[in-house]
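K.L.:
show me how the following folds:
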Amino acid sequence: AGTVQVLSIPKRPKLRGIAIDGTIIGVSPGFNPKAYSKQILLAHLPMQLDRRLDSALTIGLGSAATLDALTSYPAISEVGVVEINEAVVEGSRYFDESMALDDPRTRLAVEDALHFLLKRREPYDLIVSDGKQNYDFSGNSRFLSREFYMMARDRLSPHGIFVQWISLRTSGFPVVVRTLAAAFPEVEFFFDPP
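P.N.:
Here you go, the predicted structure:
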């Protein structure tokens, strides 16, 4: 599943990042402001778009910043977290945001997200997909596939929202956009920074 590292800045040890095979997958505030902003935006944006969201699933744990942002909303009654790598769960405990794992509304599953979605029958109001996307790691490419998007759509409530971060540097970005649009009846893009 990959080598997991928790990195810190020696003179400021609270500034941390978590990496798999050298690719940063999560950060604490101040370690990398752009990456941290992306992590929390994935939670805050959909919550601002629709205040009816009650249940959420986040695919990928990283530093737990997205999970922490979701649990900051009292209206959320359940937050599922799917992380395939147990070492990421252990590494996330080095981040203050991981206290969200102890929130009674949080349900952690250490397994493959596709298998998890196949087993899940109850719908979510929000699904956040934030898998690692870099050129030399093809393992998460399935999270850009038609099959994944259709499965995620089928696990959403009628007013549900699917949110995914996609780098503009993703190889085949136009293909990913067409694939996403073929699975969901309405697609909107947001850029950070605008």
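K.L.:
where in the chain is pLDDT low?
P.N.:
1, 132-140, 194 (pLDDT under 70).
K.L.:
what do you get if the cut-off is 90, keeping everything else the same?
P.N.:
1-2, 21-23, 120-121, 130-145, 165-173, 176, 185, 191-194 (pLDDT under 90).
K.L.:
tell me the centre residue of it?
P.N.:
Centroid-nearest residue in the chain, with Cα atoms, centre = their mean: Asp130, separated by 3.3 Å.
K.L.:
check which element follows whichever helix in the chain runs longest along the chain.
P.N.:
Ranked by residue count and defined by DSSP state H, the top helix of the chain is helix 33-49. Following helix 33-49 in sequence order, the next helix or strand is strand 55-59 (DSSP states H and E).
K.L.:
SS state for the residue nearest to Arg52 when sequence neighbours are not counted?
P.N.:
Spatial nearest neighbour of Arg52, chain neighbours left out: His159 (6.0 Å); criterion: Cβ to Cβ, 6 or more residues apart in numbering. All C-beta atoms are positioned from the backbone trio N, CA, C, and that covers glycine. For His159, the secondary structure call by DSSP: H, G, I helix; E, B strand; the rest coil comes out as strand.
K.L.:
what about His159, distance to Gly26?
P.N.:
According to Cβ to Cβ, to the nearest Å, His159 stands 29 Å off from Gly26.
K.L.:
and if you look at Thr179?
P.N.:
26 Å.
K.L.:
okay, now Leu67: neighbour count?
P.N.:
30 (other Cβ atoms under 10 Å).
K.L.:
which SS state does it fall under?
P.N.:
Applying three-state DSSP: Leu67 is helix.
K.L.:
between His159 and Gly26, point out the one with more neighbours.
P.N.:
Applying other Cβ under 10 Å to His159 and Gly26 shows that Gly26 carries more neighbours, namely 30 against 12.
K.L.:
and the more buried one, what element?
P.N.:
Counting by DSSP H and E, Gly26 is part of strand 23-27.
K.L.:
show me what counts as buried in that strand.
P.N.:
The neighbour-count check on strand 23-27 (16 or more other Cβ atoms under 10 Å) flags Ile24, Ile25, Gly26, Val27 as buried.
K.L.:
what do you get for stretch 166-185?
P.N.:
Ile166, Thr170, Val176, Thr179, Leu180, Ala183, Phe184.
K.L.:
tell me if the first one really is in a strand.
P.N.:
Just to be clear, that refers to Ile166. No: if the criterion is three-state DSSP, then Ile166 is coil and not within a strand.
K.L.:
the residue nearest to Tyr94 when sequence neighbours are not counted: neighbouring residues, count only.
P.N.:
Leaving out its chain neighbours, the residue that sits closest to Tyr94 by Cβ to Cβ, 6+ apart is Val6, at 4.7 Å. Counted with other Cβ under 10 Å, the neighbours of Val6 add up to 18.
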